[in-house]
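**Student:** Got a predicted model here, sequence first, then my questions.
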Amino acid sequence: MTSQELLVLGLVLGPWGLRGAVKVQRHAESRSVLSPGNVVILRGPRGSSEALLTAIRPLRHLLVATFQGIDSREAAEAVRGFEICISRTAAPALPEATYYHHDILGLTVQTEAGEGLGEIVDIWPSAAHDLYVVRRDAGEWLLPAVRAFILRVDLARRVM
């Protein structure tokens, strides 16, 4: 499956405890996408494989997940840095004006007049709303992911 056919839902940050649980940085707002019983794709530098998600729970701004077959700290360490993905065709539809992080990353941010302000290179989740990290030649700045600051998102043109 190519990168365009996959939707990245999260990133495995590393082990959590001794029994194979992992800390996950979530890249999708919808919790139904990451729920026990779902089969996901773990994609890493050496390829990808399917994995059954057996449990998931919140941990501050992260998630703690367990997968069938990953039952030790060593096995959890082996998937550090892996992306948790699903096929785009299996992804649930999102409400209007809601997007998967994977679709937002790389968008060009422009003013209403079309002046380029930079490219979205990261997304920082917070309790109130996400913050988009926008990079341009002069450095980086944060854009709150709220309607007051974001007037339009055009995924086809890759512009916000």
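**Tutor:** All right, it came through fine.

**Student:** quick one: the strands in the chain?
**Tutor:** For the chain, applying DSSP state E gives strands covering 6-15, 22-26, 39-44, 47-59, 62-67, 83-87, 108-110, 116-124, 131-136, 139-144.

**Student:** which secondary element of the chain has the worst mean pLDDT?
**Tutor:** helix 101-104 (a mean of 84; mean pLDDT, DSSP states H and E).

**Student:** From the contact counts, what lies against that one?
**Tutor:** Here helix 101-104 touches strand 6-15, strand 116-124, going by 3 or more Cβ pairs under 8 Å, 6 or more residues apart in numbering; DSSP states H and E. Heads up, the C-betas are built off the backbone N, CA and C, glycines and all.

**Student:** most tightly surrounded among the ones you listed?
**Tutor:** Among the helices and strands packed on helix 101-104, strand 6-15 has the highest mean neighbour count (mean count of other Cβ atoms under 10 Å), at a mean of 20.

**Student:** between that one and strand 39-44, how many degrees?
**Tutor:** Orientation check (axes from the mean of the first three to the mean of the last three Cα atoms, to 10 degrees): strand 6-15 against strand 39-44 gives 70 degrees.
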